[in-house]
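In: For reference, the sequence and a predicted model appear below.
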Amino acid sequence: MAGISVIGAGSWGTAIGVLLSGKGLSVTLWARNNEFCDTLNKEKENKLYLPGIKFPKTLSITSSLEDAFSGARIIVCCVPSHGIRGIFKGVSPVDGAIIVSASKGIEQKTHLTPSGILGSVLPKGIPIAVISGPTFAKEVSMRLPSAACAAAESIAIAEEVQEAFSTPYFRVYTNTDTIGVELGGAMKNVIAIASGISDGLGLGFNARAALITRGLKEISVLGLAMGANEATFYGLSGLGDLVLTCTGPLSRNYTL
């Protein structure tokens, strides 16, 4: 497989870079500025966002978007949803490249999901996939068992992403319901904040279970109205991610 680039050196971007390069693949991780890039190259570890996880030898770091995009067959977007437009606007991936969104969220003014943002700024015809699921960056980087869903309009593209990401400890399933996978990953954050509030107030496990259950129903209702497949919300990117984010102490939304 040709090279893979990961855009965004936060906790999730770093974890994905470690995951892919840990397979022996040639991976380039793009960091936001020269100083941060130099620190990562020197320390061979992201002590700011993912301390304690050493970089594999096949993971290289750059602060040049041009270098990151050059020759990459798969380009993984791991920047926050509000930063996607500015970073990807005007860039031109090589012919045949696949853009994989690993970002979660909805753009405030346009209400676009990350794949929608990418589709609006990238040249037409570039295949866009998404990967999402109940995956804390720390646990993935520690090689603890995890699973996620790769989705694209083309099942062949989804399967290529599945092949790239799959390891004995990171299982990837495929789906063609891109909007459903993304909405599940975005909207569960609202329920997770409510779950954290409920636990913080000491309202008990009954209340949290009710929030998760009814929250899933509300997510699926909105998802259906936006063209998603209801079954998607009962899979990894829906129910799976919702349960993890509403109960796990590593969840930023739950602990907010």
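Out: It's in. Since this is a predicted model, take the numbers as computed values, not measurements. Numbers count the residues shown, from 1 in each chain.

In: List the buried residues in whichever helix in the chain runs longest.
Out: In the chain, assigned by DSSP state H, the helix with the most residues is helix 178-200. Neighbour-count burial for helix 178-200 flags 178-189, 191-196, 198-199 (criterion: 16 or more other C-beta atoms under 10 Å). In short, each C-beta sits where N, CA and C put it, glycine included.

In: cool, stretch 163-177 as well?
Out: Quick answer for stretch 163-177 (16+ other C-beta under 10 Å): Ala164, Phe165, Ser166, Phe170, Arg171, Val172, Tyr173, Thr174, Asn175, Asp177.

In: Now, these that are in strands?
Out: Using DSSP state E, the subset of the buried residues of stretch 163-177 located in strands is Phe170, Arg171, Val172, Tyr173, Thr174, Asn175.

In: so how far is Arg73 from the first one?
Out: Right, the one you point to is Phe170. 19 Å (C-beta to C-beta, to the nearest Å).

In: could the ones in strands among the buried residues of stretch 163-177 be laid out in TSV, adding distance to Asn41 and pLDDT?
Out: Shown next, in TSV, are those (distance: C-beta to C-beta, whole Å; pLDDT from 0 to 100):
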residue	distance to Asn41	pLDDT
Phe170	25	98
Arg171	31	98
Val172	29	98
Tyr173	35	98
Thr174	35	98
Asn175	36	96
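
In: farthest pair in the residues you listed?
Out: Phe170 and Asn175 (16.3 Å; C-beta to C-beta).

In: ok, Tyr49 touching Ser11?
Out: Yes - counting by C-beta atoms under 8 Å, Tyr49 does reach Ser11; the two are 4.2 Å apart.

In: Mutual contacts of the two, please.
Out: Common neighbours of Tyr49 and Ser11, counting by C-beta atoms under 8 Å, 6 or more residues apart in numbering, are Ala137.
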